[in-house]
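J.: no sequence for this one, just the structure:
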């Protein structure tokens, strides 16, 4: 298969990663960025956002510096690009762009933040924990309530990563930041 065709398909798939209200902004952004990769993006995280089914990539393998070439982007386009880069295969890049969206007031950024909760990079979980006060908790609780299965799977991933990487390091569940985040999110969801 033609590598350019694969990349074009990935760009089209990204249009399903954001709400319809952002379609023109997303199409414009995708026409401005240049992606280059030897690997195809992995897809598969589906969720509901305001009763619309969307899907975000589990991982992208694009060159970050190529994505950041267009500098004259609107705030919305920069936020969309930051969301996309939270799906990057490099954890340092995911962390960098999480910092950009963690205090966003846009509901459509929440799935990208929640997806990071279910990943193995504890430094990202700690960043979310320390900055939890910046997160729009109304949006967060609405998303969790609208996506009970997505939230359930996220909690299972948190437990699985704790079991694989931290249980044997004498890190109790009570001390593990992932479980602290679950508890806090479920508290705000009940409020």
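T.: Thanks, I have the structure now. Here the structure is a predicted model, which means the values were calculated and not measured.
J.: what about the residue nearest in space to the middle of the chain, which helix or strand?
T.: Geometric centre of the chain, nearest residue: residue 112, 2.2 Å, by C-alpha atoms, centre = their mean. If you go by DSSP states H and E, residue 112 is part of helix 110-117.
J.: who's in contact with that helix?
T.: If you take C-beta atoms under 8 Å, 6 or more residues apart in numbering as the criterion, helix 110-117 is touched by 45, 47, 49, 54, 56, 83, 86-87, 94, 98, 101-102, 124-125, 128, 135-136, 139-140, 143-144, 147, 150-151, 154, 157-158, 178, 181. Just so you know, the C-beta spots here come from the backbone N, C-alpha and C atoms, and that holds for glycine as well.
J.: and with 6 Å instead?
T.: Helix 110-117 is contacted from outside by 45, 47, 83, 86, 98, 124, 139-140, 143, 154, 181, using C-beta atoms under 6 Å, 6 or more residues apart in numbering.
J.: ok, which stretches of the protein are helices?
T.: Under the criterion DSSP state H, the chain contains helices at 3-14, 23-32, 64-67, 75-85, 91-101, 110-117, 122-130, 137-146, 148-161, 177-190.
J.: kindly list the main-chain dihedrals of residue 118?
T.: Dihedral pair for residue 118: phi -90, psi 20, per degrees, to the nearest 10.
J.: so it sits against residue 154, correct?
T.: Yes. At 3.9 Å, residue 118 and residue 154 qualify as touching, with contact defined as C-beta atoms under 6 Å.
J.: who's more crowded, the two?
T.: Remark: of residue 118 and residue 154, residue 154 carries more neighbours, 23 against 20, as counted by other C-beta atoms under 10 Å.
J.: separation between the more buried one and residue 81?
T.: Residue 154 sits 23 Å away from residue 81, going by C-beta to C-beta, to the nearest Å.
J.: equivalent analysis for residue 160, please.
T.: Distance from residue 160 to residue 81, by C-beta to C-beta: 30 Å.
J.: comparing the two, which residue is more hemmed in?
T.: Shown here are residue 160 and residue 81; by other C-beta under 10 Å, residue 81 has more neighbours (21 against 13).
J.: setting aside sequence neighbours, what's the nearest residue to residue 90?
T.: Take residue 90 and drop its neighbours on the chain: the residue closest to it by C-beta to C-beta, 6 or more residues apart in numbering is residue 64, 7.6 Å away.
J.: state the pLDDT value of the one you found.
T.: Residue 64 is assigned 70 on the pLDDT scale.
J.: in a markdown table: the contacts of helix 110-117, plus distance to residue 171.
T.: As requested, these are exported to a markdown table (distance: C-beta to C-beta, whole Å):
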| residue | distance to residue 171 |
| --- | --- |
| 45 | 26 |
| 47 | 29 |
| 83 | 30 |
| 86 | 25 |
| 98 | 22 |
| 124 | 16 |
| 139 | 30 |
| 140 | 25 |
| 143 | 28 |
| 154 | 19 |
| 181 | 14 |
